[in-house]
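Novice: Give me a model of this one.
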Amino acid sequence: MSDDADSAKEKTSPKKIFLPTLIFCMFSAGPLAVLIGLFLYPIAAEFKVEVGIMGQINTLSSVAAVVFALIMGFLSVRFKHKSLLIIGLLFFGISSVGCFLATGFSWMLLAYSISGVGVAMINPMTNALIGEHFPLEKRANAIAWTVGAGALSYVIAPIIFNLLADYGGWRLTLLWFIIPLSFLSLSLAFVGIPSASRSDGTAADKSNFLSSFKEVLSNRSALACLAGDVLRAASFGAILYYGAAFFMQRHGASEDLATIVVLGAALCYTVGSLVSGRLVNKIGRKPSTAITAFVAGMFTMSFVHAPNFWLSLALNLLAAWFFGMVTAAAISLTLEQVPKYRGTMMSVDSAFVNLGYALGAAVGGLALIRFDYEGLGTVLGALGVAAAIVFHVLARDPTRT
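Specialist: All right, here's what the predicted structure looks like:
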């Protein structure tokens, strides 16, 4: 495609319902994971398995997300991003219905693992569609809103779930909230997302799936973004996986107070992602990514060393805020690395981010066993600082000279 055609394409704005549709799709992909985390014990009790065994449904779902994200790197070259997003939403709806109908552990394991496939399709295709249909100056804000919507589901869903569960247990939350939400987002995607593809790939490109991976893996800046995303996702594990346990064990917080802390961190992450769009447009994608990754890492290292509950809480919430910022900023930077194959780039990046979350959980657990919470925060916080260095030294912003 010629430069003139590209320029004309950049000036074309999508219809008004497009961004709200993407925001709603991202929001709808979160509550099922919240449900499993919130009701893991009662679900395990109902199916007569240990909590640790029941928790393996998260492991299988994550593995499915990583594997299928890599497969999506090929599929995104051949098929329209809208079609892949709709299929991902359909998988998510099927997973929700399957979990509702599950009568045993094996059924639940299979049904929930399908949601991992859905996530592997929804997240990267949402970002790829933003890259295709929004002009450059509007992409950062669009990404900020979609990232914020995904995080907001972790704030709103627990409140709704606790209200519904009082009347009919965890299955009622699926029947009256998650399943309708999933199929409503599927319906909106048909209407709100443009059918015309703006893919830059030619017919010859589409017949050669390996060329898309070659473009990504031969680009040093793209590889730097992937490495940086692994490190910053792993660093976030200190807040995501171990934050509540830290406040309960180190500061004697009750379960109710720990829940409030988690909700507060999710809200700060949401707001941080929303304001990130302005920072990206003001100082650029690369500086905003490197700076927010560094600050998030430093706050992660510091909150575990604070001498009292309130200072530790403030530092924890600030870390969550900047992790929200770096997530949106890093997506904005990564999206521009290989414009010809945005679907492949974002699919591979999705796999690396999920690997980062797994790395954060594993390394954080080992550091906790060996060096207590101070070691956990220091090690995972240092990974955030390392991510900042990788972004600053090795990545480049192709939209700026």
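
Novice: Flag every buried residue along stretch 49-60.
Specialist: Of all the residues in stretch 49-60, those buried under the rule 16 or more other Cβ atoms under 10 Å are 49, 54-55, 57-58. Every C-beta, even on glycine, is put in place using the N, C-alpha and C of the backbone.

Novice: Just the terminal-to-terminal distance for that stretch.
Specialist: Start-to-end span of stretch 49-60 (Cα to Cα, to the nearest Å) is 16 Å.

Novice: out of everything not next to it in sequence, what's closest to Ser312?
Specialist: With Cβ to Cβ, 6 or more residues apart in numbering as the criterion, Ser312 has its nearest non-adjacent residue at 3.7 Å, and that residue is Ala306.

Novice: these two touch, right, that neighbour and Leu318?
Specialist: No. Using Cβ atoms under 8 Å as the test, Ala306 is too far from Leu318 to be in contact (11.2 Å).

Novice: on that earlier part again, any idea how far Thr300 is from the residue nearest to Ser312?
Specialist: Remark: distance between Ala306 and Thr300 (Cβ to Cβ, to the nearest Å) = 12 Å.

Novice: Looking at the two, which has the bigger crowd around it?
Specialist: Neighbour count, other Cβ atoms under 10 Å: between Ala306 and Thr300, Thr300 has more, with 32 against 17.

Novice: The more buried one: what secondary structure?
Specialist: Here Thr300 takes the helix state, with states given by DSSP: H, G, I helix; E, B strand; the rest coil.

Novice: What about Ile36, how many residues nearby?
Specialist: Count around Ile36 with other Cβ under 10 Å applied: 20.

Novice: what residues are up against it?
Specialist: 43, 57-58, 112 (Cβ atoms under 8 Å, 6 or more residues apart in numbering).

Novice: run the last query once more with 10 Å
Specialist: With contact set as Cβ atoms under 10 Å, 6 or more residues apart in numbering, Ile36 has these partners: 43, 54-55, 57-58, 61, 99, 108, 112, 115, 170.

Novice: now do Ala149
Specialist: 20, 22-30, 126, 270, 273-274.

Novice: do the same with Ser235
Specialist: 293, 296-297, 300-301, 319, 323, 326, 356, 359-360, 363-364, 377, 379-388.

Novice: taking those one by one, which sit in helices?
Specialist: Among the contacts of Ser235, DSSP state H puts 293, 296-297, 300-301, 319, 323, 326, 356, 359-360, 363-364, 377, 379-388 in helices.

Novice: ok, and Ile94, which helix or strand is that part of?
Specialist: helix 81-101 (DSSP states H and E).

Novice: tell me which residues of the helix or strand following that helix are tucked away?
Specialist: Next helix or strand after helix 81-101 toward the C-terminus (DSSP H and E): helix 105-133. Buried positions in helix 105-133, judged by neighbour count with 16+ other Cβ under 10 Å: 105, 108-109, 111-133.

Novice: Next, the angle from helix 105-133 to helix 81-101.
Specialist: Between the axes of helix 105-133 and helix 81-101, defined by axes from the mean of the first three to the mean of the last three Cα atoms, to 10 degrees, the angle is 160 degrees.
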